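> task: produce atomic coordinates for the following.
(2 chains)
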2 protein chains.
Amino acid sequence: MKVIIAKRAGFCFGVKRAVDIAFEEAKKKKIGVVTLGPIIHNPQVVGQLDHNGVKTVEDINHINKHETETVIIRTHGIPIDDMKELDSSGFEVIDATCPFVKKAQQYAKLLKDEGYKVVILGDREHPEVKGIMSYAGDDVLVVKGVEDYRPMRGRVGIIVQTTKQVSVLKDLVSVAVEHALELKVYNTICNSTALRLKETEQLAAKVDMMLIVGGKNSANTTRLASFSASLGVPTHHVETCDEIQEAWFDGMETIGITAGASTPDWIIDQVEKRIFDIGGSVGDGTGERGT
Amino acid sequence: MKVIIAKRAGFCFGVKRAVDIAFEEAKKKKIGVVTLGPIIHNPQVVGQLDHNGVKTVEDINHINKHETETVIIRTHGIPIDDMKELDSSGFEVIDATCPFVKKAQQYAKLLKDEGYKVVILGDREHPEVKGIMSYAGDDVLVVKGVEDYRPMRGRVGIIVQTTKQVSVLKDLVSVAVEHALELKVYNTICNSTALRLKETEQLAAKVDMMLIVGGKNSANTTRLASFSASLGVPTHHVETCDEIQEAWFDGMETIGITAGASTPDWIIDQVEKRIFDIGGSVGDGTGERGT
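Residues are numbered from 1 along each chain as shown, chains lettered A, B, ... in the order given. The predicted structure is shown next:
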């Protein structure tokens, strides 16, 4: 069995930066450091941080004021009101918001300040979108796709959740431009997401099965999995190597592996090793990665 | 033979305004009035004006300074340098530029001033586009459709020739948004154009043949004709009733008529009369129009 691991499997720039920041803080202080919400959408990384003394609090009101010195802001960012409250709270605040998400927040504010009707293309339940929304004013419209959009006249401003697929944005602007007098779009889709999807498409075309590795709570990993499956190749989404079933590999000759932006290398390595144990050729696999 | 005339056949708001202005001037003064370029793209209307003393000059340098008092600016507008030269020339300048075209010129300037790379979706040989271009700076890109567009990063600003089809704009923005960091679009397509095309589609679906009436030099009339033909219905583009051939009507039961934005009612009426003479039922035709 040959294993091919996608070049861009795993951590993107923003996630790597946030995780590095969190582990750096863990090294500096053994206690008193929390992240506001899980730093990234990967339970194993969050577990490792917890093990190193960096706890996750789900809500700003759950921060124990007596035991906490430093609050790290998650890679997805937080709403503006939470940010203001933190700033005035006396905690040391370390902002690990992905710089691309930060940009999207600033563009949302800019569009609002310039008087546009702000539309966010994204999932309103996703923490990144909740953060961006808070910068866009009360009159913001959040749409998952063009099907949720109601044609608007006047001045329409669009921003996008950084992990959205560009095809969904293309569909939306194509509809929005018909009725709007003026349309301003910040394409805040992260290039890394687009490249990862493109690479998945290329990889899926030359393998018998795809394994998508990453948090079940990770939107971009889940989408990688559903995208891969939509291409007609058998696809399994696993969070760790423990979920892998030997029977999946019956009659398979070539296996493709990719991973979401929040999946650490060591989990990908374990998946690769597990396939090797089942009968994969590790040489073929590692040879392709990163080249 | 039943004849159905489209509700919106003929003069749009901007053309009616320009023609009214020109005839008003013709009434006021018998000599010394010229239009810079044909006031609209309809040879018969231009001929009528000429007959009433309002001559057309093709170029600003062709204006006879001794014989001219008043210069009327055509509905399509003129380049900014010509406007400046006219303003300092001592002529009385009457601006019959369509207010929607004027808006497009202003938006072009705004996009340029705001530092966008300006893209005009339109025909670079059309006087309207030549005018708009002059407001967009030296670095403007004019594209007829998405096939001429070269993907650009950075900040891209798009404006549209007022008579373009919205589907062409939709295709362009859908491609442009993928690479641009920021995309600002002024949808300067005139609603009247869109409605006229939509109405043509509806009319073409219920008739055996379409007659499109208007100047052969009129972009919007020519496009109406090619659009109608593309729908699979036999289509003839005629400038006046004189071009109508009796043989076209063999075996036809229902005839649809529409006309470009620069076609005067009296030419449409003559076309209708000609069909009546051939065997059309004028009652059915006029009954549908304007209701």
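> interface residues of chain A facing chain B?
Within reach of chain B by CB under 8 Å from any CB of the partner chain, chain A has these residues: A:166, A:169-171, A:173-175, A:177-178, A:180-187. (Each C-beta comes from the backbone N, C-alpha and C, glycine too.)
> in three-state terms, label the residue nearest the centre of chain A for me.
Centrality entry for chain A: nearest residue to the mean C-alpha point is A:Asn220, 4.9 Å, by CA atoms, centre = their mean. When the structure is split into helix, strand and coil by DSSP: H, G, I helix; E, B strand; the rest coil, A:Asn220 lands in helix.
> does it touch A:Thr258 like I think?
No - counting by CB atoms under 8 Å, no contact exists between A:Asn220 and A:Thr258, whose distance comes to 11.0 Å.
> find residues that contact each of those two.
Taking CB atoms under 8 Å, 6 or more residues apart in numbering or on different chains as the contact rule, the neighbours common to A:Asn220 and A:Thr258 are A:Arg196.
> circling back to that earlier point, buried ones among the residues of chain A next to chain B?
Neighbour-count burial within these applies to A:166, A:169-171, A:173-175, A:177-178, A:180-187; the criterion is 16 or more other CB atoms under 10 Å in any protein chain shown.
> pLDDT score for the residue nearest to the centre of chain A?
In the prediction, the pLDDT value recorded for A:Asn220 is 88.
> which residue, other than its chain neighbours, is closest to it?
In space, not counting the residues next to it along the chain, A:Asn220 is nearest to A:Thr163; the distance is 4.3 Å by CB to CB, 6 or more residues apart in numbering or on different chains.
> over to A:Gly14?
Distances taken as CB to CB, 6+ apart put A:Cys98 closest to A:Gly14, at 2.8 Å, once the chain neighbours are dropped.
> follow-up on the earlier one: how close does the residue nearest to the centre of chain A sit to chain B?
18 Å (CB to the nearest CB, to the nearest Å).
> which ones are touching that residue?
A:Asn220 sits next to A:163, A:193, A:196, A:214, A:260-262 when contact means CB under 8 Å, 6+ apart.
> what sits against the residue nearest to A:Asn220?
With CB under 8 Å, 6+ apart, A:Thr163 has these contacts: A:128, A:189-190, A:193, A:219-220, A:223, A:261.
> from these, which single one is nearest chain B?
Within those, proximity to chain B (CB to the nearest CB) peaks at A:Ile189, which comes in at 8.9 Å.
> how deep is that closest one tucked in, by neighbour count?
When counting by other CB atoms under 10 Å in any protein chain shown, one arrives at 23 neighbours for A:Ile189.
> and A:Asp82, by the same measure?
When neighbours are counted by other CB under 10 Å, A:Asp82 registers 20.
> ok, A:Ser230 next?
For A:Ser230, the count of nearby residues is 11 (other CB under 10 Å).
> so what's A:Tyr107 closest to, chain neighbours aside?
Nearest in space to A:Tyr107, with sequence neighbours left out and distances taken as CB to CB, 6+ apart, is A:Tyr186 at 4.2 Å.
> bridging residues for that neighbour?
In this entry, A:Tyr186 is beta-bridged to B:Glu182, by DSSP bridges.
> that one and A:Leu169 touch, don't they?
No - here A:Tyr186 lies out of contact with A:Leu169, judged by CB under 8 Å, at a distance of 10.3 Å.
> overlap in contacts, the two.
Common neighbours of A:Tyr186 and A:Leu169, using CB under 8 Å, 6+ apart, are A:158, A:160.
> from A:Ala247, how far off is the residue nearest to the centre of chain A?
According to CB to CB, to the nearest Å, A:Asn220 stands 28 Å off from A:Ala247.
> secondary structure class for the residue in the stretch 1-150 of chain A that chain B sits nearest to?
Closest contact between the stretch 1-150 of chain A and chain B, by CB to the nearest CB, is at A:Tyr107 (8.2 Å). Per three-state DSSP, the local secondary structure of A:Tyr107 is helix.
> stretch A:222-230: how far from the chain's middle?
Taking CA atoms, centre = their mean, to the nearest Å, one finds the center of stretch A:222-230 at 14 Å from the center of the full chain.
> pull out the buried positions in that stretch.
Residues of stretch A:222-230 classed as buried: A:222-225, A:227-229 (neighbour count, 16+ other CB under 10 Å).
> what's it in contact with?
By CB under 8 Å, 6+ apart, the list of residues contacting stretch A:222-230 from outside reads A:163, A:165, A:196-197, A:200-201, A:204, A:210, A:212, A:214, A:216, A:235-237, A:258-260.
> ok, which stretches of the stretch 1-150 of chain A are helices?
Assigned helices in the stretch 1-150 of chain A, in chain order: A:13-28, A:43-51, A:80-87, A:99-113, A:127-135 (criterion: DSSP state H, counting those that start in this stretch).
> can you pull out the strands in the stretch 51-200 of chain A?
Shown for the stretch 51-200 of chain A, the strands assigned by DSSP state E, counting those that start in this stretch span residues A:55-57, A:70-73, A:92-95, A:117-121, A:141-143, A:155-160, A:182-186.
> okay if I get the ones you listed as TSV plus mean pLDDT and distance to B:Ile80?
Supplementary listing: these in TSV, determined by pLDDT from 0 to 100; distance: least, CB to CB, whole Å:
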stretch	mean pLDDT	distance to B:Ile80
strand A:55-57	95	60
strand A:70-73	96	50
strand A:92-95	95	47
strand A:117-121	98	32
strand A:141-143	98	38
strand A:155-160	98	25
strand A:182-186	98	22
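> for those strands, which one sits closest to B:Thr68?
When the strands of the stretch 51-200 of chain A are ranked by distance to B:Thr68, counting by CB to CB, first place goes to strand A:182-186 at 39.0 Å.
> what is the closest one packed up against?
Identification of packing neighbours for strand A:182-186 by 3 or more CB pairs under 8 Å, 6 or more residues apart in numbering or on different chains; DSSP states H and E yields helix A:99-113, strand A:155-160, helix A:166-179, strand B:182-186.
> how many residues are close by A:Lys28?
Applying other CB under 10 Å, I find that A:Lys28 has 9 neighbouring residues.
> please apply the same query to the one 3 residues further on.
If you count neighbours by other CB under 10 Å, A:Ile31 ends up with 11.
> and what of A:Glu114?
Per other CB under 10 Å, the neighbour tally for A:Glu114 reads 11.
> now do the contacts for it.
Neighbour list for A:Glu114: A:157, A:184 [criterion: CB under 8 Å, 6+ apart].
> quick check: the gap between it and A:Leu197.
Counting by CB to CB, the separation of A:Glu114 from A:Leu197 is 31 Å.
> and stretch A:132-141, which residues are buried?
The neighbour-count check on stretch A:132-141 (16+ other CB under 10 Å) flags A:132-136, A:140-141 as buried.
> of those, which is the nearest to A:Asp59?
Sorting those by how near they are to A:Asp59, with CB to CB, puts A:Ser134 at the top with 14.9 Å.
> what number of residues lie near the nearest residue to that closest one once chain neighbours are set aside?
If the residues on either side of it in the chain are set aside, A:Ser134 comes closest to A:Pro79, at 3.6 Å by CB to CB, 6+ apart. Counted by other CB under 10 Å, the residues lying close to A:Pro79 total 17.
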